[in-house]
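Q: no sequence on hand, only this structure:
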């Protein structure tokens, strides 16, 4: 499944992406539950840098702050909080400060019968600035988010490929 972005409500959108990786859920979980690995899943042109919270500790209430350059010449500070964790199944991060009026990102992990893992992401986000935000979303935000999550899918394949 490719990245799917649909309108949820006025200026609120839902992004959904699903990917199956031929690795055990524990291995996939361990990677995703390590905040410093966010660098591995973010396009290099975004100049992503974790400022605080990149230690290996992963717990509900963890605050992670970073700078990111989502668009050329637009550098922002973004702060997220891990609000919910169910080991090997789910974690949720929510924006506390950043470019969106709301950002709620659910990371779901499913163990498949064949031993592979399904990764399912659902992001509900709200664009600021009313009508201007709607136009910006249509013109470039939607495409940029699709590009970011497609990059992430590609990197996951590269990082967890079997080279035997």
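A: Received the coordinates, thanks. Owing to the predicted nature of the structure, the values given are computational and were not obtained by experimental measurement.
Q: low-confidence bits of this structure, can you list those?
A: 1, 162-164 (pLDDT under 70).
Q: would you map the helices across it?
A: With helices called from DSSP state H, the chain shows them at 25-32, 130-136, 142-159.
Q: nearest to residue 79, out of these?
A: Closest approach to residue 79 among the helices of the chain (CB to CB): helix 142-159, 18.1 Å. In short, each C-beta sits where N, CA and C put it, glycine included.
Q: coming back round to it: now render the helices of the chain as TSV, adding distance to residue 12.
A: Shown next, in TSV, are the helices of the chain (distance: least, CB to CB, whole Å):
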stretch	distance to residue 12
helix 25-32	25
helix 130-136	11
helix 142-159	13
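Q: which one of the ones you listed lies nearest to residue 84?
A: Comparing these by CB to CB, helix 25-32 comes nearest, at 13.8 Å.
Q: on that earlier part again, of all the helices of the chain, which lies closest to residue 45?
A: From the helices of the chain, taking CB to CB, the stretch that ends up closest is helix 142-159, at 9.6 Å.
Q: which residues are contacting stretch 12-28?
A: With CB atoms under 8 Å, 6 or more residues apart in numbering as the test, stretch 12-28 has contacts from 1-8, 88, 102, 109-112, 115-127, 137, 142, 145, 149, 152-153, 156-157, 160, 162.
Q: can you measure across it, start residue to end residue?
A: 30 Å (CA to CA, to the nearest Å).
Q: centroid-nearest residue for the chain?
A: residue 105 (6.5 Å; CA atoms, centre = their mean).
Q: top strand in this structure by residue count?
A: The strand that spans the most residues within the chain, counting by DSSP state E, is strand 74-86.
Q: quick revisit: show me the contacts of stretch 12-28 that map onto strands.
A: Reading strands off the contacts of stretch 12-28 with DSSP E, I get 4-8, 102, 109-111, 117-126.
Q: are any of those buried, and which?
A: Among these, those buried by neighbour count (16 or more other CB atoms under 10 Å) are 5, 109, 111, 117, 119, 120, 121, 123, 124, 125, 126.
Q: turn the residues you listed into a markdown table, columns for distance to residue 64.
A: What follows is these, written out as a markdown table (distance: CB to CB, whole Å):
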| residue | distance to residue 64 |
| --- | --- |
| 5 | 24 |
| 109 | 19 |
| 111 | 26 |
| 117 | 23 |
| 119 | 19 |
| 120 | 21 |
| 121 | 17 |
| 123 | 16 |
| 124 | 19 |
| 125 | 17 |
| 126 | 20 |
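Q: appreciated, that's everything.
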